[in-house]
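Novice: quick one: sequence and predicted model below, then my questions.
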Amino acid sequence: MSLTKATSPALQGDERAWPKILASYRKPHRGRSLLELMVTLVPFVALWTLAAMAVDHCVWLGMALTVPAAGFLLRLFMIQHDCGHGSFFAHRKADDWTGRAIGVLTFTPYDYWRRAHAAHHASAGNLDERGVGDITTLTAAEYRSLSRSRRLAYRLYRNPAVMFGIGPIWLFLFKQRLPFGMMHSGKEPWVSTMTTNLMILVLTLGLIWLVGLESFMLVQLSVVVLAGSAGIWLFYVQHQFEETHWSQKPQWQFQDAALHGSSYYELPLVLRWLTANIGIHHVHHLSSRVPYYRLPEVLRDYPELRDIGRITIMESLRCVKLVLWDEKRQRLISFREAAAAPP
């Protein structure tokens, strides 16, 4: 039973009540989860196969088929994401082995990624704990204190061509081949990355044998880069919007940062389906154990959540210029705004 608007935590400003309320949405329907996996995996395999067959006869047709294939690969990553939170089947072994298998297709070592992503959830919006599983974000004061060369490096990093063009290639094809950031964190990150690398190699050799090297490279690189660019874009707009929330301890509180530091990215129905409702990100951060297909139920029962952190596609395009956190104004600003502001 949902609360009425008169007693809603969103309206009362009592964010601490939300995790308890959302606990009733955490139970997945395992039959639905299996169906979600099948209607994503089967079309992906079919589209990838058709694209690889088509490029031998018509390159443009093959390349066109990589676009929907990338969409289904992105959705597979979102299922892997839910597995990492233990919310897809709500059975640890089933979630973990499903996530590991999908990780071979997404080029994302599951156990290594899961640890980094858990750190992101535990520290999102905390200025004292930036850097793990996040897009690097400096405060305006930190940026001004940098040397000229380091300012240039940060500007290049935040450039859209680098962030959404070079970034996916670097992340999915190279960076995730080693457990960067966890080199000395025990054997699990190494086992995860090396086992995933081995399975990727086996799958790659098998596919090259079946479709040929040229067809494989054209299709696989296109699919991975397209899906990776879309994934990084989604992750970007989930936290990099003007009215997001950043603070330092002791002011930083998990529920407040989750609700106000994560966006509600309102997408058309088809994109909501392909992205597995990840746009309802503020609810996801409040309770990461809610399966993605139950997130719309939360908005249905608590419609006031639709007005918190809401951004449309057009509004999200303007978020690209927001690159620095202004601690005085408590919002993200552009390089131009930072240059115009008094030191």
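Specialist: Yep, it's here.

Novice: CA atoms for contacts and neighbours, from now on please.
Specialist: Fine.

Novice: only the buried residues of stretch 82-95, if you could.
Specialist: Residues D82, C83, G84, H85, G86, S87, F88, F89, A90, D95 are the ones in stretch 82-95 that count as buried (16 or more other Cα atoms under 10 Å).

Novice: find the nearest non-adjacent residue to H285, please.
Specialist: Nearest-residue entry for H285: A258, 5.1 Å, with adjacent residues in sequence omitted and distances by Cα to Cα, 6 or more residues apart in numbering.

Novice: my guess is the one you found contacts S288. True?
Specialist: No - counting by Cα atoms under 8 Å, A258 stays clear of S288, with 10.3 Å between them.

Novice: from R289, how far out is K20?
Specialist: Going from K20 to R289 by Cα to Cα, to the nearest Å gives 12 Å.

Novice: give me the more crowded residue out of those two.
Specialist: R289 (22 against 10; other Cα atoms under 10 Å).

Novice: tell me the secondary structure at that one.
Specialist: Counting by DSSP: H, G, I helix; E, B strand; the rest coil, the backbone at R289 sits in coil.

Novice: contacting residues around it?
Specialist: Residues in contact with R289, defined by Cα atoms under 8 Å, 6 or more residues apart in numbering, are R26, D82, H85, G86, S87.

Novice: what does D134 give?
Specialist: Per Cα under 8 Å, 6+ apart, neighbours of D134: H120.

Novice: could you shift the numbering so residue one becomes 9, and keep it that way?
Specialist: New numbering, starting at 9: the last item is D142.

Novice: ok, it to H129 distance?
Specialist: 10 Å.

Novice: got the contact list for K183?
Specialist: Applying Cα under 8 Å, 6+ apart, no residues qualify as near K183.

Novice: which parts of the stretch 109-258 of the chain are helices?
Specialist: 118-131, 148-152, 156-166, 168-169, 175-176, 196-219, 221-247 (DSSP state H, counting those that start in this stretch).

Novice: now, which of the contacts of R297 sits nearest S155?
Specialist: Of all these, H93 has the smallest distance to S155: 39.5 Å, by Cα to Cα.

Novice: backbone phi and psi for that closest one, please?
Specialist: Here is the backbone geometry of H93 (degrees, to the nearest 10): phi -90, psi 0.

Novice: was I right about it contacting P299?
Specialist: No - between H93 and P299 there is no contact under Cα under 8 Å: 9.0 Å.

Novice: and L213, how many neighbours?
Specialist: With other Cα under 10 Å as criterion, L213 counts 14.

Novice: hmm, I typed the wrong one, I wanted R158.
Specialist: 12.

Novice: same question for Y272.
Specialist: There are 26 residues near Y272, going by other Cα under 10 Å.

Novice: kindly report the same for S295.
Specialist: So S295, with other Cα under 10 Å, has 22 neighbours.

Novice: skipping adjacent residues, who's closest to it in space?
Specialist: P27 is the one closest to S295 (Cα to Cα, 6+ apart), at 5.8 Å.
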